[in-house]
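Asker: need coordinates for the following:
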Amino acid sequence: MDMENVAHVIAFVGILVFLAHLFTGIFSRTRIPDVMLLIIIGICVGPLLLDLTSPEEFGVVGPVFTTITLIIILFESGLALRLSMLRAALGGAMALAPLSFFSTMAVVAGFAIWLTDLEVLPAFILGAIVGSTSETVVIPLIRQLKIKEETKTLLSVESSVNDVLSIVITVALVQAYVGGGKFEIASISGNLIASFLVALVFGIIGALVWSVLLNKIRALKNAIFTTPAFVFVIYGLVEYFGFSGAIAALAFGITIGNIETIRIPIFKTLTVKKAVGLNETEKLFFSEVAFLLKTFFFIYLGISLELISGWFIIVALILTAVAFVLRIPAVKLSIRQAVGPKDLSVMAVMVPKGLAAVVLASIPLQQGVAGGEIIKNITYGVVLFSIVITSILVLLLEKTRLPDVYAWVFSPNLPRWGQKAGPRPTDMAGRTDDIAPSGDKLFGGEGEDKKGTPGKGGKS
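Answerer: Got it, this is the predicted structure:
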């Protein structure tokens with residue numbers, strides 16, 4: 001690349017940063033998600049349209065960049081999660097994630113067998129890939145929405161767990177195919193449990209150690225980036241041992257973000273040297289870093305998408321629709337606590353796929369799985385359609401009465417469409433007389449009834 005091209009790239013990078021802030025402002029005014037606009041830029045400059053660049057030109061830097069983005073987004077989102085919210089949301093997240101993933105995987109596999117030439121095991125590989133939800137898409141989206149913090153926490157945890165399920169199950173199914181079709185459920189279950197537990201232990205203990213060292217580290221000059229650097233070390237170690245680095249990064253963020261409120265005795269023993277959390281300057285810095293990385297991540301995701309043929313576009317659309325439809329009963333069955341219609345609606349539309357699915361889609365082809373090219377092409381289509389449809393639905397949730405439709409769907413009694421289930425709280429304001437009469441009227445005392453007859457004993 002000559003110096004003139006380098007200058008063009010540097011100028012383009014600067015323009016992208018300004019565009020990212022502009023798109024954030026557009027979302028606040030129009031509710032059009034900036035995620036969709038950034039991906040459209042990536043599609044425009046990538047191989048699909050202008051062909052100004054391609055993922056191959058990024059070489060090994062591309063996967064490293066996307067991994068760093070994942071770590072920072074999870075770590076920074078963990079800082080904002082309060083333990084009280086996490087306790088309230090954890091049960092729903094741990095129920096929603098497997099229910100949503102496995103139901104989507106099974107039904108998508110069935111449709112894939114019906115609509116394509118895939119055999120049973122490759123079809124389930126496709127189902128496992130597109131059964132995930134991407135935390136790198138979900139977390140930036142929900143942060144811009146006016147929903148309860150508990151809902152944001154639930155969706156953050158659920159998307160992280162879902163992504164891990166997708167990775168572990170996909171790799172296991174590919175290994176089973178290469179190994180002659182042997183699929184050991186006990187072994188996979190053990191790997192999943194170990195992946196979560198070991199990652200949690202590494203993340204929590206790493207945060208406790210770092211919280212003790214943080215005061216000394218701050219005495220060094222230019223040390224503000226040492227915290228994410230330590231998270232990178234934790235992530236690398238956990239991944240090296242074959243567990244989930246993403247869960248470790250999230251656990252690290254949650255622990256360091258709540259370190260000053262932790263009251264468990266063993267934590268007090270471990271943090272006897274007065275553990276400290278991050279200050280506001282550090283949190284603001286990491287928020288800015290996450291914003292920049294998110295901007296370039298979605299553009300890179302748009303660049304990574306490839307052109308697919310007409311029939312695969314139709315199949316990808318059908319499978320995407322299946323994922324959105326299946327999400328509704330999954331939310332209805334797993335979310336037990338009282339949640340408002342807006343929050344339930346957001347939960348029901350949060351099924352975007354991300355770069356993890358794009359990366360996983362190339363594994364079957366590399367390992368010689370029959371129909372690997374079909375799996376790859378359909379996955380690319382599902383990733384694009386799921387993000388676009390999620391963005392459109394988020395816009396409709398903000399601008400239209402779509403939450404009322406979801407409220408009708410999620411209603412326990414499921415009244416007929418168009419029939420009001422009951423007056424809204426706002427409609428009942430100012431009508432307390434009809435609900436519970438006060439004073440003498442409650443006992444038929446002073447005051448007139450609706451016909452103007454004195455109420456005392458019914459005498460005139």
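
Asker: SS state for Leu220?
Answerer: In terms of secondary structure, Leu220 is coil; the call rests on DSSP: H, G, I helix; E, B strand; the rest coil.

Asker: distance of it relative to Ala246?
Answerer: For Leu220, the distance to Ala246 under the criterion CB to CB, to the nearest Å works out to 29 Å. (Each C-beta comes from the backbone N, C-alpha and C, glycine too.)

Asker: now Gly42. Nearest residue, chain neighbours left out?
Answerer: The shortest distance from Gly42 to any residue that is not its chain neighbour, by CB to CB, 6 or more residues apart in numbering, is 2.0 Å, and that residue is Gly302.

Asker: please report how far the one you found lies from Leu360.
Answerer: Look at Gly302 and Leu360: by CB to CB, they are 18 Å apart.

Asker: mind checking which of those two has more residues around it?
Answerer: With neighbours defined as other CB atoms under 10 Å, Gly302 and Leu360 compare such that Leu360 has more, 26 against 22.

Asker: got a list of what Ile41 touches?
Answerer: Applying CB atoms under 8 Å, 6 or more residues apart in numbering, one finds that Ile41 lies in contact with Leu16, Leu19, Ile299, Gly302.

Asker: can you redo those as TSV with distance to Met85 and pLDDT?
Answerer: As requested, the contacts of Ile41 are arranged in TSV below (distance: CB to CB, whole Å; pLDDT from 0 to 100):
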residue	distance to Met85	pLDDT
Leu16	33	92
Leu19	33	93
Ile299	31	92
Gly302	33	89
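
Asker: which of those sit farthest apart?
Answerer: Checked with CB to CB, those reach their widest spread between Leu19 and Gly302, with 13.0 Å between them.

Asker: other residues contacting stretch 375-387?
Answerer: Applying CB under 8 Å, 6+ apart, the external contacts of stretch 375-387 come out as 35-36, 39, 112, 116, 118, 122, 125-126, 129-130, 137, 301, 305-306, 308-309, 312-313, 315-317, 319-320, 323-324, 351-354, 357-358, 360-362, 364-365, 369.

Asker: so His198 sits against Glu239, correct?
Answerer: Quick fix: residue 198 reads Val, not His. No: in this structure Val198 lies outside contact range of Glu239 using CB atoms under 8 Å: 11.1 Å.

Asker: before we move on, back to that, joint contacts of Leu19 and Gly302?
Answerer: A shared contact of Leu19 and Gly302, defined by CB under 8 Å, 6+ apart, is any residue touching both; here these are Leu38, Ile41.

Asker: which residues of the chain score low on pLDDT?
Answerer: Along the chain, the model assigns pLDDT under 70 to residues 1-2, 181-183, 263-275, 413-460.

Asker: can you pull up the most central residue in this structure?
Answerer: Against the mean C-alpha coordinate of the chain, by CA atoms, centre = their mean, the closest residue is Val138 at 3.0 Å.

Asker: tell me the SS of Leu121?
Answerer: Secondary structure assignment for Leu121 (three-state DSSP): helix.

Asker: what's the closest non-adjacent residue to it?
Answerer: Tyr177 (5.1 Å).

Asker: ok, the one you found to Thr66 distance?
Answerer: Distance from Tyr177 to Thr66, counting by CB to CB: 26 Å.

Asker: OK, contacts around Phe111?
Answerer: Applying CB under 8 Å, 6+ apart, the residues contacting Phe111 are Ile318, Leu319, Val322.

Asker: for Lys294, same thing?
Answerer: With contacts defined as CB under 8 Å, 6+ apart, Lys294 is in contact with Thr69, Ile73, Thr136, Pro140.

Asker: what does Thr116 give?
Answerer: Listed by CB under 8 Å, 6+ apart, the contact partners of Thr116 are Ala123, Val315, Gly371, Ile374, Ile378.

Asker: coming back round to it: and the residue nearest to Gly42, how far from Thr400?
Answerer: In terms of CB to CB, Gly302 sits 27 Å off from Thr400.

Asker: same question, Tyr235
Answerer: In this view, Tyr235 and Thr400 are 40 Å apart by CB to CB.

Asker: neighbour count winner among those two?
Answerer: Each of Tyr235 and Thr400 had its neighbours counted (other CB under 10 Å), and the higher figure belongs to Tyr235 (28 against 10).

Asker: no further questions, thank you.
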